[in-house]
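K.L.:
sequence isn't available, so here's the structure alone:
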């Protein structure tokens, strides 16, 4: 029995195999260390209006769902990536937001 190496931040395409033009979809993204007063619209704005200095040059990303807990959340995007590079840029953006 072999075990696959863990996937870096975000993993593979969803179990249902959905893709965006042949590019694996992002299952969800974790954002942590949130202020307890953070609400769903705050999280949506981070993606729908990319932050200056972090999201420079990024197109707005349409949020499908935010699963907000106390101090962290999971973000699900409506995905229509044109390339793997575009998909990876979204991951990089989320990582930078997490580092704030």
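P.N.:
Ah, there it is. Keep in mind it's a predicted model, so treat the numbers as computed, not measured.

K.L.:
all contacts plus neighbour counts: C-alpha atoms, from now on.
P.N.:
Noted.

K.L.:
where does the prediction get shaky in this structure?
P.N.:
1-21, 100 (pLDDT under 70).

K.L.:
helices along that one, start to end?
P.N.:
Along the chain, counting by DSSP state H, helices occupy 40-48, 84-98.

K.L.:
and the ones you listed: which comes nearest residue 25?
P.N.:
Of all the helices of the chain, helix 84-98 sits nearest to residue 25, with 8.2 Å by Cα to Cα.

K.L.:
nearest spatial neighbour of residue 43, skipping sequence neighbours?
P.N.:
Residue nearest to residue 43 in three dimensions, not counting chain neighbours: residue 66, with 7.5 Å by Cα to Cα, 6 or more residues apart in numbering.

K.L.:
pull up the gap between that neighbour and residue 72, please.
P.N.:
Using Cα to Cα, to the nearest Å, residue 66 is found at 10 Å from residue 72.

K.L.:
beta partners of the residue nearest the centre of the chain?
P.N.:
Computing the C-alpha centroid of the chain and ranking residues by Cα atoms, centre = their mean puts residue 29 first, at 3.9 Å. Taking DSSP bridges as the rule, residue 29 bridges to residue 75.

K.L.:
hang on, the earlier thing: now render the helices of the chain as a markdown table, adding distance to residue 54 and mean neighbour count.
P.N.:
As requested, the helices of the chain are exported to a markdown table (distance: least, Cα to Cα, whole Å; neighbours: other Cα atoms under 10 Å):
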| stretch | distance to residue 54 | mean neighbour count |
| --- | --- | --- |
| helix 40-48 | 10 | 16 |
| helix 84-98 | 7 | 16 |
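
K.L.:
of those, which is nearest residue 55?
P.N.:
helix 84-98 (6.3 Å).

K.L.:
show me what that closest one is packed against.
P.N.:
strand 29-32 (3 or more Cα pairs under 8 Å, 6 or more residues apart in numbering; DSSP states H and E).
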